[in-house]
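[1] dropping a prediction and its sequence here:
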Amino acid sequence: MTIREAPLMRLQMTYDEYRRWATEDVLAEWIDGEVFVHMPPKEIHQRMVKFLERLLDLFVRLFDLGLVRIAPFEMRIGGNAFEPDVFVLKRENCHRLTDERLDGPADLVIEIVSQGSVGHDRDVKFRAYEAAAIPEYWIIDSRPDHRRADFYRLDEHGMYRLFATEDDEQVRSTVLTGFWFKPAWLWMDDAPAPLDALYEMAGVPGDLAAQVQAALRKGLQPDA
C-alpha cells in the first residue's frame, strides 16, 4: 500500500478482491488492477453534487427521460470500475443497470474535481470516458480559487470537444434536450433552489412559480 502526497490511497488487488473488500461506505475505484481510495469530500464538493443531482433528477423525472445516480455507485466500462460523482442514464439504456452496478457507459457523467482528483478526473477518466463513448462529460472544479468548469461532448470522430466553460451564461446539454443551467449557480452563496432553477429553465414567471410552490406546500392545486 502506498499513500501519495495527494489525498488518494492506492491498493493492488484483483477485481473480485475489490468487490469483496469494498463496502458502501468506501468511495473507491478499480482501474487497471489498482484500487484508488478517495478521501472524504469537502462541503463545497457535496453542495455541487447535491445541486446538480437534484436539478437533473427533477428534469429527467418530469419528462420520463431515464434516471440519475450519484456516487458511490459503480459504472463498469473498459474493464474498469469507476464511481462518477453524478451520472445520467437515458431510458433506452436503462437495461444496463443492475442492482450492483451500471454495466456499461452512462449518457452524461459529471465529476467534481477535488484536491486529490485533478489528474484523475482530467486525464485518466477523460481518456476512459472518451474511449467508452460517453456522449457528454462535465468536469467542475470545486477547489478554492479554481472556479473552472469544462463541458465536453463527443464529436463526429468520437473525440471529446469543449463546447462550454464556466464563462458561458448558459450550458445546454445535447443528451437531455431542453436542459440547461447557469454555471454561475454552482459558486453562488445564494444559488437558486433546484425547483426554482427548473422554473427558470422552463420560462415560468417568478410570480407564477411562487404561486405553484405555495400550492404544493399546502397540497393544493394553484389558482387558475
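    Thanks, I have the structure now.

[2] list the contacts of the residue nearest to the spatial centre of the chain.
    Centre of the chain computed as the mean C-alpha position; nearest residue by CA atoms, centre = their mean is V86, 2.5 Å away. Counting by CB atoms under 8 Å, 6 or more residues apart in numbering, V86 touches 49, 52-53, 56, 68-71, 109-110, 112. Yep, even glycine has a C-beta here, placed from its N, CA and C like the rest.

[3] name the nearest residue to it, ignoring sequence neighbours.
    Distance criterion CB to CB, 6 or more residues apart in numbering; nearest residue to V86, sequence neighbours excluded, is I110 at 4.1 Å.

[4] before we move on, which element is the one you found in?
    Per DSSP states H and E, I110 falls inside strand 108-113.

[5] now do that strand: distance to the chain's middle.
    4 Å (CA atoms, centre = their mean, to the nearest Å).

[6] packing partners of it?
    helix 43-62, strand 86-90, strand 136-141 (3 or more CB pairs under 8 Å, 6 or more residues apart in numbering; DSSP states H and E).

[7] so which of those gets nearest A128?
    Nearest to A128, of all the helices and strands packed on strand 108-113, is strand 136-141, at 9.9 Å by CB to CB.

[8] what's the first helix or strand after that closest one?
    Where DSSP H and E defines the elements, the next helix or strand beyond strand 136-141 is strand 148-154.

[9] what comes into contact with that following strand?
    Strand 148-154 has contacts (CB under 8 Å, 6+ apart) with 126, 130, 133-141, 160-166, 171, 174-175, 183, 186.

[10] partners of that strand, with directions?
    Using DSSP bridges, strand 148-154 pairs in its sheet with strand 136-141 (antiparallel), strand 160-165 (antiparallel).

[11] so can I have TSV of these showing mean neighbour count and distance to R20?
    Formatted as TSV, those follow (neighbours: other CB atoms under 10 Å; distance: least, CB to CB, whole Å):
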stretch	mean neighbour count	distance to R20
strand 136-141	22	30
strand 160-165	14	34
